[in-house]
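Participant: Fold the following, please.
(one chain, ligands or ions: 3)
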Amino acid sequence: MILKQFLNAKRERGFDPDLLELVQTIADATIKISRQLRVAVLHGHVGATEETNVQGEVQKPLDVIADNVFVAACQTSAAVSFAVSEEQDNEIPVSATGKYAVIFDPLDGSSNLDVNVTVGSIVSVIPAKAASELLQPGRNQVFAAYAAYGPSTSLVLTFGDDVDFFSLNADEEYELADADVKIPSGNAEFSINTSRQNLWDKPVQDYIAASLAGEGVYAKRYNMRWVGSMVADIHRIMHRGGIFLYPNDAEIAKKGGRLRLLYEANPMGFLVEAAGGGASTGLVRILDIQPKELHQRVPVILGALDEVEAVERRYAEAKA
Ligand SMILES: O=P(O)(O)OC[C@H]1O[C@](O)(COP(=O)(O)O)[C@@H](O)[C@@H]1O
Ligand SMILES: [Mg+2]
Ligand SMILES: [Mg+2]
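Facilitator: Residues are numbered from 1 along each chain as shown. Ligands and ions are numbered 1, 2, ... in the order given. Coordinates of the predicted model:
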C-alpha cells in the first residue's frame, strides 16, 4: 500500500482531511531532501557554511537546503499556521487561517553528512492557530514522523495511535513496509555517547555500569551502538529494541540538555510511546513538559519501556 492509499483509508475513518493533506506534503518534502542528499557530494554540498544557527551551531549546506524545502512545503499548505525550525531563530507565520503548526529538525545528525552515514528529518504537528499556542506539551501532538536517509529512505509516522513504517520504492513513492510497529523488549543494547561518561548524572553512570556488568534489566552483558544521528539510533531501536540516552550531564546542565524538546524529543517521544516504549528525562515524562521557549533543550531517554523505567527508578532512588 502506498502512502496516498494509507492516507485515504484514514480519511474514510474520519481523520481531518487537512491534516492528511499536510502529511502528504511533509512526506513529499522528505522525498525532495532524499534526492538532494543523493547528489550532495557531486554538487559540492558538503563541509560547512559560514553561518551559525540560533543554537550557535555551524550550519552545513544541507541543513540550509533541507530547511528551505520544509519551509517551502509548509508555505504551500493553507492548513499551516506557523513553521518552526531548528534552523530559524523564530517561528515563520504561514497562513492566517492555518490551524496546525509544523515544527521540524530539517536535517538531524548533520555531522554525519560528509561521511555518507545515515541522517534524518524529524517533524511534529500540533494544533495551533496563534503564535501564543506554539509552546504546548508534546502529548498534544496530532502527528509526528521521522525520515531516515540511509541505504534506503524510510518514513516512520504516527497520528498517536499506531506507528507505521514506509520505505521509498523504485518509483519514489512511500510504500508501507511494516504496520503497527512495536519496540521489542529483550535487546540488551544501549546507545549513548560514552565520551561524556565522566560527566553523566550518577543514576545514568550506575545504569550503564550495571548493564555492562551483566546486572542490567536483561541480566546480560550489554552491547553498544552510537551512530551520532538520533534518527538512525531510534530507527534501530524501533526495529530491534534497546535504549537511547542523551542524558543530563555536568557540562550541558546549564543549557538544559543536548537535544531540543520541540523538534527532537517531543516527536521522537510521541513515536516511541505509540510504539509501546518510554520517553523520559529520567525525572519526568518528556511529553508532559510545558515548553518555555522554541529552542529549549532537554535530557532525552527513549526506548524499550522496561529499560526507560529502569533508568527512571535509578533517578527516583537517587532523589530519595
Ligand atoms: O555530537 P554527539 O554528542 O555525538 O551528539 C549527537 C546527537 O546530536 C544530534 O546530531 C543533534 O541533531 P542535529 O544534527 O539536528 O543538530 C543528534 O542527532 C545526535 O544524537
Ligand atoms: Mg537533530
Ligand atoms: Mg538538525
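Participant: Now Ser111. Its backbone dihedrals?
Facilitator: phi -70, psi -20 (degrees, to the nearest 10).
Participant: go on, the one 10 residues further on?
Facilitator: Note on Ser121: backbone dihedrals following degrees, to the nearest 10 are phi -130, psi 150.
Participant: so who does His295 touch?
Facilitator: Val54, Gln55, Glu86, Arg260, Leu262 (CB atoms under 8 Å, 6 or more residues apart in numbering). Backbone N, C-alpha and C define where each C-beta goes, glycine included.
Participant: I'd like the distance between the residue nearest to the first one when sequence neighbours are not counted and Val272.
Facilitator: Of all residues not flanking Val54 in the chain, Asp89 sits nearest, at 4.4 Å (CB to CB, 6 or more residues apart in numbering). Between Asp89 and Val272 the computed distance is 29 Å (CB to CB, to the nearest Å).
Participant: higher neighbour count, these two?
Facilitator: Val272 (28 against 11; other CB atoms under 10 Å).
Participant: element containing the more buried one?
Facilitator: helix 266-274 (DSSP states H and E).
Participant: who's in contact with Val41?
Facilitator: So Val41 contacts Asn116 (CB under 8 Å, 6+ apart).
Participant: Local confidence estimate at it?
Facilitator: The model reports Val41 with a pLDDT of 87.
Participant: Okay, it and Glu57: tell me how far apart.
Facilitator: 22 Å.
Participant: which ones are touching the closest residue to Tyr222 other than its chain neighbours?
Facilitator: Distances taken as CB to CB, 6+ apart put Ser211 closest to Tyr222, at 4.0 Å, once the chain neighbours are dropped. Residues near Ser211 by CB under 8 Å, 6+ apart: Ala188, Phe190, Val217, Arg221, Tyr222.
Participant: Can you name the residue of this structure nearest ligand 1?
Facilitator: Met230 (3.5 Å; CB to the nearest ligand atom).
Participant: List the contacts of that residue.
Facilitator: Met230 neighbours (CB under 8 Å, 6+ apart): Asp108, Gly109, Gly120, Ile122, Phe244, Tyr246, Leu259, Glu264, Met268, Val300.
Participant: For the residue nearest to the second one when sequence neighbours are not counted, the count of nearby residues, please.
Facilitator: It refers to Gly109. Spatial nearest neighbour of Gly109, excluding adjacent residues (CB to CB, 6+ apart): Ser229 at 2.5 Å. By other CB under 10 Å, 23 other residues sit near Ser229.
Participant: What segments of the chain are helices?
Facilitator: 3-12, 17-38, 61-75, 202-212, 230-240, 266-274, 305-319 (DSSP state H).
Participant: beta partners of whichever residue of the stretch 1-150 of the chain sits closest to ligand 2?
Facilitator: Going by CB to the ion, ligand 2 is nearest to Asp108 of the stretch 1-150 of the chain, at 3.4 Å. Asp108 has these beta-bridge partners by DSSP bridges: Gly120.
Participant: In this structure it contacts Ser229, no?
Facilitator: Yes. Contact criterion CB atoms under 8 Å: Asp108 and Ser229 qualify, at 6.0 Å.
Participant: quick one: common contacting residues for the two?
Facilitator: Joint contacts of Asp108 and Ser229 (CB under 8 Å, 6+ apart) are Val119, Gly120.
Participant: Show me the domain layout of this protein.
Facilitator: Per automatic domain parsing, the structural domains of the chain span 3-178, 189-319.
Participant: which residue sits closest to Asp28, ignoring its sequence neighbours?
Facilitator: Closest to Asp28 by CB to CB, 6+ apart is Ala73, at 6.8 Å.
Participant: what do you get for Ala232?
Facilitator: Thr118 (4.0 Å).
Participant: How much space separates the closest residue to Leu176 other than its chain neighbours from Glu309?
Facilitator: Using CB to CB, 6+ apart and skipping the chain neighbours, the partner closest in space to Leu176 is Met1 (4.5 Å). Distance from Met1 to Glu309, counting by CB to CB: 35 Å.
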